[in-house]
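Undergrad: Provide a 3D model corresponding to the input given below.
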Amino acid sequence: MLKNTLTNWDVIHVEETRLLRAISPEMGLRQFFALMAELEPWLQETEHLFRNKRNQAMIQLQARLASLEARPNHE
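TA: Numbers count the residues shown, from 1 in each chain. Predicted structure coming up:
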């Protein structure tokens, strides 16, 4: 019974990477904002519990976006 519940995470990570590479940045942003809109009520209810962690995640995201913006255009 336990064998049926175990998951091969390596296979899942490979598939996740493949799917992420298959979508454009624009589509990724659309999906992100759609999820944010869907989860907004829950996020508001739990904001006080996870405020610090979310702030740190936003800081990291902003740093990643800034590093992408700073890259030279290699077309």
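Undergrad: Could you use CA atoms for every contact and neighbour count after this?
TA: Noted.
Undergrad: Okay, the spatially most central residue of the chain and P25: tell me how far apart.
TA: By C-alpha atoms, centre = their mean, the chain has its centre lying nearest to F32, at 7.2 Å. In this view, F32 and P25 are 10 Å apart by C-alpha to C-alpha, to the nearest Å.
Undergrad: Name the residues contacting each of those two.
TA: With C-alpha atoms under 8 Å, 6 or more residues apart in numbering applied, the contact sets of F32 and P25 do not overlap.
Undergrad: longest helix anywhere in the chain?
TA: Ranked by number of residues, the top helix in the chain under DSSP state H is helix 25-70.
Undergrad: does T7 sit in a helix, a strand or a coil?
TA: Assigned by DSSP: H, G, I helix; E, B strand; the rest coil, the conformation of T7 is coil.
Undergrad: Relative to L20, how far out is it?
TA: In terms of C-alpha to C-alpha, T7 sits 20 Å off from L20.
Undergrad: just A63 next, same as before
TA: Between A63 and L20 the distance, using C-alpha to C-alpha, works out to 20 Å.
Undergrad: How about G28: what's its closest non-neighbour residue?
TA: Closest residue in space to G28, ignoring its immediate chain neighbours: L20 at 7.9 Å, by C-alpha to C-alpha, 6 or more residues apart in numbering.
Undergrad: how close does W42 sit to R21?
TA: Going from W42 to R21 by C-alpha to C-alpha gives 29 Å.
Undergrad: just to revisit the earlier point, neighbour count for T7 and L20, which is higher?
TA: L20 (13 against 9; other C-alpha atoms under 10 Å).
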